[in-house]
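Trainee: coords please:
(chains A, B and C)
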Amino acid sequence: MTSPVLAERRVERLEFDDLSGKWSATVSVSINADEPVFAGHYPDFPIFPGVCVLECVRRGAEVAAPADAGILRLAAVESTRFTSAVYPGDVLSIELQWAQRGLDWRCSARVGTDRGPAASVRLRYQPEEAS
Amino acid sequence: MSIETIAELDREEMRVLLAETVDADLTEVTDDADFVKTLAVDSLMALEVIVVLERRYGVKFSESEMRSVRTLRSAHELVSAKLRGRP
Amino acid sequence: MIGPASVRSMLPHRYPMLLVDRILEVGEPDFVRTVKAVTINEPWYSRLGPDASEADLAYPEFLLIESWTQTAGILAKQIARSAADGQIMLFGSMNDVEFHRPVFPGDLVEHHARLYRALNDTMIFEGTSRVGAEPVLTVGRMTMAFRPGELLSSARAGQSGSQ
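Mentor: Sure, this is the predicted structure:
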């Protein structure tokens, strides 16, 4: 799949906790002024769109996807909240954790910049049906 | 809903629902913690609290009732009263 | 207030992030219907190599959400009217947003958004997006508010600001 965000993700930490059986990771993404979305969001007033923050979380989640989950398809944004705006030059720090819920998987993430929390997100993934 | 289920309108269940909605720890949502002052709920989140309660309990709040929901206790009292049919 | 010209007058977004092509209907008075044509000429696709598969051409899910959100934003603007002048539209939260099937270039997406509840300057919307008769997206609820632009500028200066 293609993406509206150019910035590369950097995996700072990737762990499997034997006790809880959960995968967790820290991923950082540097949002440079040359991201193409800034041209139109908004002209003369660049703000990194909330949906692009979600995109960074998705790409972070997918590098840290549970090894035993098979191929997963993004099924839903269960919830997301944006608490402060993200600007050119910000570095997103994404703390995320995967957990199984029934047949589905949930990835919960908290996103911050050096000014504090920026967003919280819960994504739900479904195993791709074998065909 | 029967009288018995109304009497049991579960305060702890509502606490969990509110904590999830405002993104707070369960222990922070005490009966009298003011959403705006203590739990840093802004006007966006305040309206979400209303809608979550309405959808969960199948009730509808008037504008003045919406403004009166400031704590778990007031939310619980208002929803209980509505379910008993005397707002 | 229908057609493509009114999209540009009601939303501050511009290329490449203006993701509504035409307003079909604003009325009822709390309902809006718009259309977004997905094309292979959008900039996101130019980054793909020559051997991109069909799956690679799926429209980014979060841009589909953005397109729906802009639709709700048009309705918010219509409801707030002059009260929103000079203010910035803030996207606060979303819940229960489900993707039903991928969207591809050539698809004509029709967005429906309805005002579910409003209090002061805050509004909650819900809705769906379809391609033909098929649902591609449902949005359980989305919270939005108009706030003075200074709030954002002060956050940018590194001061505290909730939004």
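Trainee: can you name the element that comes right after the helix or strand hosting C:G73?
Mentor: Using DSSP states H and E, C:G73 sits in helix C:61-80. Using DSSP H and E, the helix or strand that directly follows helix C:61-80 along the chain is strand C:87-99.
Trainee: so what's the gap between that following strand and the chain middle?
Mentor: 9 Å (CA atoms, centre = their mean, to the nearest Å).
Trainee: hmm, who's touching stretch B:29-41?
Mentor: By CB atoms under 8 Å, 6 or more residues apart in numbering or on different chains, the surrounding residues in contact with stretch B:29-41 are B:11, B:15, B:18-19, B:22, B:24, B:28, B:42, B:45-46, B:49, B:69-73, C:162. To be clear about C-beta, it is placed using only N, CA and C from the backbone, and glycine gets the same treatment.
Trainee: which bits of chain B sit near chain C?
Mentor: Counting by CB under 8 Å from any CB of the partner chain, the residues of chain B close to chain C are B:40, B:42-48, B:50-51, B:54, B:63, B:66.
Trainee: quick check: of these, which lies closest to A:A65?
Mentor: For these, the minimum distance to A:A65 (CB to CB) is 29.7 Å, reached by B:E48.
Trainee: identify the residues contacting the residue most central in space within chain A.
Mentor: The residue lying closest to the centre of chain A (CA atoms, centre = their mean) is A:V57, at 0.5 Å. For A:V57, the contact set (CB under 8 Å, 6+ apart) comprises A:I94, A:L96, A:C107, A:A109, A:V111, A:A119, A:V121, A:L123.
Trainee: contacts for the longest helix seen in chain B?
Mentor: Secondary structure of chain B per DSSP state H: the longest helix is helix B:43-57. Under the criterion CB under 8 Å, 6+ apart, residues A:81, B:9, B:14, B:17-18, B:21-22, B:35-36, B:41, B:59-61, B:66, B:69, B:75, B:79, B:82-83, C:90, C:92-93, C:116-124, C:141, C:143-145 lie in contact with helix B:43-57.
Trainee: where does chain A dip in pLDDT?
Mentor: A:130-131 (pLDDT under 70).
Trainee: repeat that for 80
Mentor: A:1, A:20-21, A:67, A:129-131 (pLDDT under 80).
Trainee: how about chain C: which residue is closest to chain B?
Mentor: Closest to chain B within chain C is C:G92: 3.7 Å, counting by CB to the nearest CB.
Trainee: got a list of what that residue touches?
Mentor: With CB under 8 Å, 6+ apart, C:G92 has these contacts: A:R81, A:F82, B:L44, B:M45, B:E48, C:T122, C:T143, C:M144, C:A145, C:Q163.
Trainee: tell me which element the first one falls in.
Mentor: Secondary structure here is read from DSSP H and E; on that basis A:R81 sits in strand A:72-82.
Trainee: need the next SSE after that strand, C-terminal direction.
Mentor: Downstream of strand A:72-82 (by DSSP H and E), the next one is strand A:91-101.
Trainee: give me the buried positions along that next one.
Mentor: Judged by neighbour count (16 or more other CB atoms under 10 Å in any protein chain shown), strand A:91-101 contains these buried residues: A:L92, A:S93, A:I94, A:E95, A:L96, A:Q97, A:W98.
Trainee: thought the first one was touching A:V53?
Mentor: Yes - look at A:L92 against A:V53 with CB atoms under 8 Å: they come within range, at 6.9 Å.
Trainee: where do the contact lists of the two overlap?
Mentor: Counting by CB under 8 Å, 6+ apart, the common neighbours of A:L92 and A:V53 are A:V86, A:V111, A:A118.
Trainee: what is the burial count for the last one?
Mentor: Using other CB atoms under 10 Å in any protein chain shown, A:A118 has 22 neighbouring residues.
Trainee: tell me how many other residues crowd A:G21.
Mentor: 12.
Trainee: ok, the one 5 residues further on next?
Mentor: Burial of A:T26 is recorded as 16 neighbouring residues (other CB under 10 Å).
Trainee: A:D68 now?
Mentor: 8.
Trainee: so where's chain B shaky on pLDDT?
Mentor: Using pLDDT under 80, chain B drops low at B:1-8, B:40, B:85-87.
Trainee: just to check, A:A65 is in contact with A:W98?
Mentor: Yes - with contacts counted by CB under 8 Å, A:A65 reaches A:W98, the gap being 6.8 Å.
Trainee: list residues touching both of those two?
Mentor: A:W23, A:W105.
Trainee: distance to A:A75 for the shared contacts of A:L92 and A:V53 - can I get that in a markdown table?
Mentor: A markdown table is the format used below for those (distance: CB to CB, whole Å):
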| residue | distance to A:A75 |
| --- | --- |
| A:V86 | 25 |
| A:V111 | 20 |
| A:A118 | 24 |
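Trainee: need the strands for chain B, in chain order.
Mentor: Applying DSSP state E to chain B gives no strands.
Trainee: and the residue of it closest to chain C?
Mentor: Nearest residue of chain B to chain C: B:L44, at 3.7 Å (CB to the nearest CB).
Trainee: for the record, mean pLDDT for stretch C:67-87?
Mentor: Mean pLDDT, stretch C:67-87: 89.
Trainee: which residues touch it?
Mentor: So stretch C:67-87 is in contact with A:51, C:1, C:7, C:10-11, C:13, C:18-20, C:23, C:26, C:29-32, C:34, C:36, C:89, C:91, C:109, C:111-115, C:118, C:121, C:123, C:125, C:127, C:129, C:137, C:139, C:142, C:144, C:146-149, going by CB under 8 Å, 6+ apart.
Trainee: give me the buried subset of those residues.
Mentor: Buried subset of the contacts of stretch C:67-87 (neighbour count, 16+ other CB under 10 Å): A:51, C:7, C:10-11, C:13, C:18-20, C:23, C:26, C:30, C:32, C:34, C:36, C:89, C:91, C:109, C:111-115, C:118, C:121, C:123, C:125, C:127, C:129, C:137, C:139, C:142, C:144, C:146-147.
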